[in-house]
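**Student:** Quick one: sequence and predicted model below, then my questions.
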Amino acid sequence: MQNLKVIYEDNHIIVVEKPVNIPSQADKTGDVDMLTIIKEYLKEKYKKPGNVYLGLVHRLDRPVGGVMVFAKTSKAASRLSEQVREKVFEKTYLVVVNGKMEEKKRKFRRLFIKK
């Protein structure tokens, strides 16, 4: 099992830190992904036989690290997905830059980051 940093967990959700360069869900590369890692964690922790349910509520791109929320029940997945659709579920992004940003990239930042 991968080293998983669990930030919060209850009967309905699990909140974890997604490391950089790990996909949120399986892709064509076949690289280990967060869904698989967390399912393995839950299966081991709770000694569950068979498949473990885990709902993907939102994604972070592979090169991005950060906090992700996963649903441990279908009811939680449905409610959280609805909150994402209705923009009740808020995401905050923090970008760390090493060096100076080119002018083009600064304009991009202003378009997508609220001040």
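**Tutor:** Nice, I can see it. Being a predicted model, the structure only gives us computed values, none of them experimental. Numbering: from 1, shown residues only.
**Student:** going forward, measure contacts between C-alpha atoms and count neighbours the same way
**Tutor:** Fine.
**Student:** what ranges of the protein fall below the confidence cut-off?
**Tutor:** 1-2, 103-115 (pLDDT under 70).
**Student:** How about the secondary structure of the residue nearest to the spatial centre of it?
**Tutor:** The chain has M68 as the residue nearest its centroid, 3.0 Å off, counting by Cα atoms, centre = their mean. Secondary structure assignment for M68 (DSSP: H, G, I helix; E, B strand; the rest coil): strand.
**Student:** Tell me how far E40 lies from K91.
**Tutor:** Distance of E40 to K91, computed by Cα to Cα, to the nearest Å: 26 Å.
**Student:** Who has more neighbours out of the two?
**Tutor:** The neighbour comparison of E40 against K91 (other Cα atoms under 10 Å) goes to E40, with 16 against 10.
**Student:** That one belongs to a helix?
**Tutor:** Yes. Under three-state DSSP, E40 sits within a helix.
**Student:** Quick check: which element contains L80?
**Tutor:** Here L80 is covered by helix 74-85, with elements defined by DSSP states H and E.
**Student:** Repeat that for L35.
**Tutor:** helix 34-45.
**Student:** helix or strand right after that helix?
**Tutor:** Assigned by DSSP H and E, the successor of helix 34-45 is strand 55-56.
**Student:** who does that next one touch, helix- and strand-wise?
**Tutor:** When contacts are defined as 3 or more Cα pairs under 8 Å, 6 or more residues apart in numbering; DSSP states H and E, strand 55-56 packs onto strand 66-71, helix 74-85.
**Student:** outside of it, which residues touch it?
**Tutor:** The contact list for strand 55-56 (Cα atoms under 8 Å, 6 or more residues apart in numbering) reads Q25, L35, V69, F70, A71, K72, T73, S74, A77.
**Student:** Report the contact partners of the second one.
**Tutor:** When contacts are counted by Cα under 8 Å, 6+ apart, L35 touches S24, Q25, A26, L54, L56.
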